[in-house]
Structure formats: C-alpha cells, structure tokens
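In: just coords:
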C-alpha cells in the first residue's frame, strides 16, 4: 500500500513538473518559447520573459521545498537531468539565432537551467540564491528588452545584423544593452556574476561537483553569443547604421533604473543578507 501511494505521489509530481516546466520553459517543455517571443509584441515578450517567469519559478521552488519535500530524493535526480538539458540546449540554440527576440528566448531558457541548479540545493542558501538571481534577472532582462522594444518600435529592426555599428549613433542605448547582456552572461562586475556565483554555490551544497562543472562550462559557452551582439554593436562596420533614435524621458528613466540596479545589486551586500534572513530554512 505504501509503495502504491509513493508511486501515486511521484506520478502527481511528474504531472505538476510538466505544468511548471511548460510555464518556465524547462527543456523539453520549451518548444513554444522562441516562436511566442518572436511573434508577440516586444512589450508582451518582455512581460513573459521576466514577470511571468519569475513568479512561476518562485512558486515552483516553494512547492518543491514544502509539498514535495518527502520526495526530495526523487525530484533531485529529475532536476539534475532537466537542468543540464535546459542549459545545454538553451545555449546551443541561442548561438544560432539572429533575431534578437529569439536570441533572448533561448537565453532565458538557458538561465532557467542555471536556476534549477540553485533550486536543487534545497536549503536556505538555495532559496536565497534563487530569489537573489531572479531580482537581478528582472532588471537585466528588462534593460535588454527596453532597448529592443524602442528600436523595434521606431525602426522595425530586430536582427543582430541590423545592430552593426549601433554605437555610432546611439551610445546610450548601446551601453544599456551591453551592460544588460554582460549581466545575463555573468560577467563581472555586473550583478549577474554574483547571482550565478550564488546559484552554483547553492547547488554545490549537495556535493555534486559534476553538475557544477557542467554549469560553469555552459556559462563560458554563453559568453560567445552574448559577446557576439556586443561585437556587432561596437566593432562591426555598417555603411548605414541605425540612425540616432529619440528616447522618451520615461523610457530613459526606466533604462537608467535597470542599469543602476544591474550594477549595484552585486555590490550592496545587505540585499543578499536581507533575502537570506527572510528565507525559510529547509
């Protein structure tokens, strides 16, 4: 009877995992992401990639740590496989993209893989690292999307090739997009570096150093496609670069807030300490 109940609980968890996996784009439930990101208006895409995803990741971690805590030995192994598959596939497909919306779609899939590494730690440090990373991810991704939304609305251009020599006429927008991409890549001194460090440290709490090594390798791989965009902006030649764009004051303020947060969150230590103090111990 106990074996039957355990199997039933495990089956119910798998169904729930599939539902959450679809919402937060865990491989193999990610197939909708790139098409929806590309086909939706940029503002809707930004909402789906940041607010919606962050909310469901937070709920997913809470359900794992509370409702399904007795099944931890089972779902831990599942998270290991899903995190590796999500990181690897997200990175490999991001390398191939030219449309910036699809590029950020696969980038966000890879980011979920790193978040799963942190969640797998199932400790107070793990829950803290996930919340801390999501806070950084919100500002970093919104910073990148704010530039893409503005350029798309004013020029209709969304491909990496069309951003060649973007810095020539749009220095402020170029730096906003660059700093945001650096943070998503986890390049110091941006907050994204500290966010990924704490995720990997939380995942290492279980002693699975093979998983941490795979995650670290995927972080290095991600540098290639993030820096590919930066190279197009600053280094590639273009006879007809995007003209100087007018930035509404509200948009400029939002970008400044995103970039300031992206840089400062990593250096303001009390933010992590406060999140740790209010995070439950598991």
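Out: Cool, the structure landed. None of the values given here were measured: they were computed from a predicted structure. Numbering: from 1, shown residues only.
In: From residue 96, how far out is residue 238?
Out: 22 Å (Cβ to Cβ, to the nearest Å). (C-beta placed from N, C-alpha, C; glycine too.)
In: So for these two, which sits in the more crowded spot?
Out: residue 238 (14 against 10; other Cβ atoms under 10 Å).
In: Please give me every residue in contact with the more buried one.
Out: Listed by Cβ atoms under 8 Å, 6 or more residues apart in numbering, the contact set of residue 238 reads 164, 165, 168.
In: where along this protein do the helices fall?
Out: 2-24, 33-39, 42-47, 53-65, 72-96, 100-119, 124-155, 171-185, 191-203, 209-234, 249-264, 269-278 (DSSP state H).
In: What is the helix or strand of the chain with the lowest mean pLDDT packed up against?
Out: Scoring the helices and strands of the chain by mean pLDDT, DSSP states H and E places helix 42-47 at the bottom, with a mean of 72. Of the remaining helices and strands, those touching helix 42-47 by 3 or more Cβ pairs under 8 Å, 6 or more residues apart in numbering; DSSP states H and E are helix 100-119, helix 124-155.
In: circling back to that earlier point, in the contacts of residue 238, which residue is surrounded by the most others?
Out: Busiest of the contacts of residue 238 [other Cβ under 10 Å] is residue 164, holding 21 neighbours.
In: Residue 48 contacts residue 40, correct?
Out: Yes - if you go by Cβ atoms under 8 Å, residue 48 and residue 40 touch, sitting 7.1 Å apart.
In: Looking at those two, which one has more neighbours?
Out: residue 48 (18 against 14).
In: need the contact list for the more buried one.
Out: If you count contacts by Cβ under 8 Å, 6+ apart, then residue 48 has 36, 37, 40 around it.
In: Export these to JSON lines and append columns for pLDDT and distance to residue 102.
Out: Formatted as JSON lines, the contacts of residue 48 follow (pLDDT from 0 to 100; distance: Cβ to Cβ, whole Å):
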{"residue": "36", "pLDDT": "78", "distance to residue 102": "10"}
{"residue": "37", "pLDDT": "77", "distance to residue 102": "6"}
{"residue": "40", "pLDDT": "73", "distance to residue 102": "12"}
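In: Return the per-residue confidence for residue 207.
Out: Here, the pLDDT recorded for residue 207 equals 76.
In: which residues sit in contact with it?
Out: Counted by Cβ under 8 Å, 6+ apart, residue 207 has zero contacts.
In: How much space separates it from residue 152?
Out: Taking Cβ to Cβ, one finds residue 207 at 46 Å from residue 152.
In: what's the closest non-adjacent residue to the spatially most central residue of the chain?
Out: Using Cα atoms, centre = their mean, the residue of the chain that lies closest to the mean C-alpha position is residue 111, 3.6 Å off. Once flanking residues are discounted, residue 111 sits nearest to residue 137: 6.3 Å by Cβ to Cβ, 6 or more residues apart in numbering.
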